[in-house]
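Undergrad: the following comprises the amino acid sequence and a computationally predicted model.
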Amino acid sequence: MIRKLTTTCVALICTASMSLGASAASDPTPSNGSVIWPKGQALPTFAQPKHLDVADVYDAPGDAKLLLATLQGIVNRTEPRVYLIENVEEGRTTWLNDLQVPYRMHDDYWAVVDKYIDEVQGIVIYDPEVPDSINVATTLAGLKDAVVAGPEIAERLQAAPYDLDVIEDLRGKFEDRMDAYTWQYENLWSRTTHRMLIGLSPNTSVRIPPGLPASFETILEEPTQERDAANRKPYEIDLSSFLGQQSVFLRFDDAFPQDGWGPAVHEVIVEADGQVIAQFVPGTPEEEPFLYDRQNSQVSSGQGGHRFADNGRYFTYEFTPPSGTTTLTATVDMWNQFKVSAGNIRPPSSEHKEPYGYLRDYAVANQAMVFWLESNVPEERALLEKILSDVEPGTPYLGWFSNDVAGEFSSVEIVSNYGVYVLAADWFSNLTVFSGTKNKPAAAKPAKPAETPELENKIYVTYTFSEGDNFQYNQHRMRILWDDPARGEVPINWTSSPLLHDGAPAILNYFQETATENDLLIAGPSGGGYFYPTPWPDETFPSFLNDTYSYLKKTGMTIPYVLNRVNGENVPLSESEAAAYEEVYKVPGLFLSWENRHGVEVLNGTLPVSTIQGISTAQDGKNVLAEAKAGWDGQSPLFVSIGLLAWSMTPTDVAALSSSLGPEYEVVRADHYFSLIREAYGLPKK
């Protein structure tokens, strides 16, 4: 859909193509735009930005972010002129300054609205009672050149000096989310592009200040890094000192957030003066009345059922004892790395949701349909599969999925079944601007040359950062890791998306131009996009690899890291899948999975496949490599592939880990790693 050339080019651009997001010739083209999307190109190209009006909406209300993002989509479709500061993780203006495009920073984001509001045709009002109407409104905004607004902002836009008409008012139109998405499919899907799909949550939790609330006190904490439930028992917690207000809040955090083994709670029993006022197992209906803030915690059926919160996640319960209570105790059956705190002043809660912008500018500009369907809910899955069946193999799904890890595994498998690949991008900011930046020819090159070391009887170690399937990781967390002063001290493989070549050339240019001899960009899961090879239809798998191979070549990311899952479990590559990677991607070897083990096997007698053993701390790495050494006979080379969890580790951690290793270890880049494996296994050079 989104090519917006000149009128004389439209017919040519809309020609159908079987892969890389191509669709039927009737695929609509955005009006009044300059977006180009030729056949065979994975993602569209926007016009090159010449000057940007910058609005800082980081602290703005959600409705304002929604308004600005949809306005940005309409404006930038013609020419990228609006840039939103929505994230400060990597620095408020880090990428903005790197773009080297003149810009004006506006103190009041309404000034940007004032400047460009004449380019929109009206307002689509979403229904606050049905949050998913935000997504339907976003789709309508793209089709009708409108902005999306909540009722309060809509009133302001209807009044002078804006005097905008209401094109659609969705209040009261839908009973629930399925009603909204069913109506959208039946009435809007045929008018939107079929060359991309957009999956976005309609809203997000309000931003919670980091750390514990000021009024909370830590009352119990596991001092050691427990990971095997060895410390499981009922812990009795005296909450009496927190009486005096209406409620007492009990919060559970990860005591060691860097390694991902946070608190696991099976049962909670609360007594007020000896009388039970709460008793529940997480995940049951009995828990709900007390669950004040689930944040991003999850429920597992294992160990009899438990709620857990790893890394920076937490969950909070609220208990309201009878008036006059003098003794309040909680008995908690829990284990692993818990940090328990309590307070009696109501804290902010992530249960409070608000709209957000991010990828919505891209959806609006490209007239894509936006939805958020849960793959583990049968009715929603059925609609998701209906949408997937309407697009051609090789279509990108940008955004993400609900239900965290479980949603990721099941959803990526489902879309792979239909030959659709994923670009995690729901927190990518200003994609309509970055898609207008240009690749620098000098940047489209492989890693800086370095000689492969001579093969010896050593333990060869290669480190690979995770998350390379993820566009927003490239924009945010990877930039932070990349700017770590220790980067370059140790060979590291950086998984990344080859499709940055289309979607964000400026970001790709930066990483390529600043790479050291020890930095190697490789393709994130599972090549040209995130997909699982085994669920992918056999008849289109080789052709899809063939269509995306050019992106690996153009970006120099010629070694892929592959994830392959069925029913949520890692599975090996079949002979035909391995052959396709070897013959079409022409790989010297590939990385596979994220396991608690490492190893190398040669598939089909010709393709080295190295299983990645994931770690989340430097100490984990020391333990893994010590175990490898203990099992090594020293008579032949040993190859160990270590996966670095990008959310918890840094190049400084990797440098510290490597400095602890003896001379029997040698750390190498992935290209050298597979070259050495091929030599050790007597395979031809590649």
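TA: Great, that's in hand.
Undergrad: CA only for contacts and neighbour counts going forward, please
TA: Will do.
Undergrad: now the strands for the stretch 451-600 of the chain?
TA: For the stretch 451-600 of the chain, the strands defined by DSSP state E, counting those that start in this stretch cover 459-465, 492-496, 519-523, 561-562, 565-566, 569-570, 590-595, 599-603.
Undergrad: quick check: which of those strands is nearest to Pro663?
TA: Proximity of the strands of the stretch 451-600 of the chain to Pro663 was assessed by C-alpha to C-alpha; the nearest stretch is strand 459-465, lying at 9.3 Å.
Undergrad: bridging residues for the closest residue to Glu286 other than its chain neighbours?
TA: Excluding the flanking residues, the one nearest Glu286 by C-alpha to C-alpha, 6 or more residues apart in numbering is Phe280, at 5.4 Å. With DSSP bridges as the criterion, Phe280 is bridged to Val268.
Undergrad: quick one: what helix or strand has Phe315 in it?
TA: In this structure, Phe315 sits in strand 314-319 according to DSSP states H and E.
Undergrad: now that strand: how far from the chain's centre is it?
TA: Offset of strand 314-319 from its chain centre (C-alpha atoms, centre = their mean, to the nearest Å): 26 Å.
Undergrad: mean confidence for it?
TA: Averaged over strand 314-319, pLDDT sits at 98.
Undergrad: what is it packed up against?
TA: Using 3 or more C-alpha pairs under 8 Å, 6 or more residues apart in numbering; DSSP states H and E, the elements in contact with strand 314-319 are strand 248-254, strand 291-293.
Undergrad: taking strand 248-254 as reference, get the angle to it.
TA: 160 degrees (axes from the mean of the first three to the mean of the last three C-alpha atoms, to 10 degrees).
Undergrad: which other residues reach strand 314-319?
TA: The contact list for strand 314-319 (C-alpha atoms under 8 Å, 6 or more residues apart in numbering) reads 247-254, 278, 290-297, 309.
Undergrad: quick check: Lys144 touching Gln121?
TA: Yes: at 7.1 Å, Lys144 and Gln121 qualify as touching, with contact defined as C-alpha atoms under 8 Å.
Undergrad: quickly find the element holding Gly407.
TA: Using DSSP H and E, Gly407 maps to helix 404-417.
Undergrad: pull the CA atoms of that helix into PDB?
TA: C-alpha atoms of helix 404-417 as PDB (Å, rounded to 0.1, in the frame of the first residue of the first chain):
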ATOM      1  CA  ASP A 404       4.300 -11.500  26.900                       C
ATOM      2  CA  VAL A 405       6.500 -14.700  26.400                       C
ATOM      3  CA  ALA A 406       3.500 -17.100  25.900                       C
ATOM      4  CA  GLY A 407       2.000 -14.700  23.400                       C
ATOM      5  CA  GLU A 408       5.300 -14.300  21.600                       C
ATOM      6  CA  PHE A 409       5.900 -18.100  21.200                       C
ATOM      7  CA  SER A 410       2.400 -18.900  20.100                       C
ATOM      8  CA  SER A 411       1.900 -15.900  17.900                       C
ATOM      9  CA  VAL A 412       5.200 -16.100  16.000                       C
ATOM     10  CA  GLU A 413       4.400 -19.700  15.300                       C
ATOM     11  CA  ILE A 414       0.900 -18.800  14.000                       C
ATOM     12  CA  VAL A 415       2.100 -16.000  11.700                       C
ATOM     13  CA  SER A 416       5.000 -18.300  10.500                       C
ATOM     14  CA  ASN A 417       2.300 -20.900   9.600                       C
END
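Undergrad: list the helices and strands it packs on?
TA: helix 378-389, strand 420-424, strand 565-566.
Undergrad: quick one: closest of these to Pro151.
TA: helix 378-389 (27.8 Å).
Undergrad: what does the helix or strand Ile642 falls within contact?
TA: Secondary structure assignment for Ile642, by DSSP H and E: strand 638-644. By C-alpha under 8 Å, 6+ apart, the residues outside strand 638-644 that reach it are 457-466, 594, 598-600, 610-616, 621, 625, 628, 632, 673, 677.
Undergrad: same thing with stretch 579-595?
TA: Contacts of stretch 579-595 (C-alpha under 8 Å, 6+ apart): 541-542, 545-546, 549, 558-564, 570, 604, 607-614, 643, 671, 674-675, 685-686.
Undergrad: pLDDT weak spots in the chain?
TA: Along the chain, the model assigns pLDDT under 70 to residues 1-32, 442-449.
Undergrad: give me that answer again for 50
TA: In the predicted model, the chain carries pLDDT under 50 at residues 1-19, 21-26, 444, 446.
Undergrad: quick one: the most centrally placed residue in it and Trp632, what's the gap?
TA: Centrality entry for the chain: nearest residue to the mean C-alpha point is Ala424, 4.5 Å, by C-alpha atoms, centre = their mean. According to C-alpha to C-alpha, to the nearest Å, Ala424 and Trp632 sit 39 Å apart.
Undergrad: among the contacts of strand 638-644, the buried ones, what's the PyMOL command?
TA: Of these, the buried ones can be selected in PyMOL as follows, counting by 16 or more other C-alpha atoms under 10 Å:
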select buried, resi 458+459+460+461+462+463+464+465+466+594+598+600+610+611+612+613+614+615+616+621+625+628+673+677
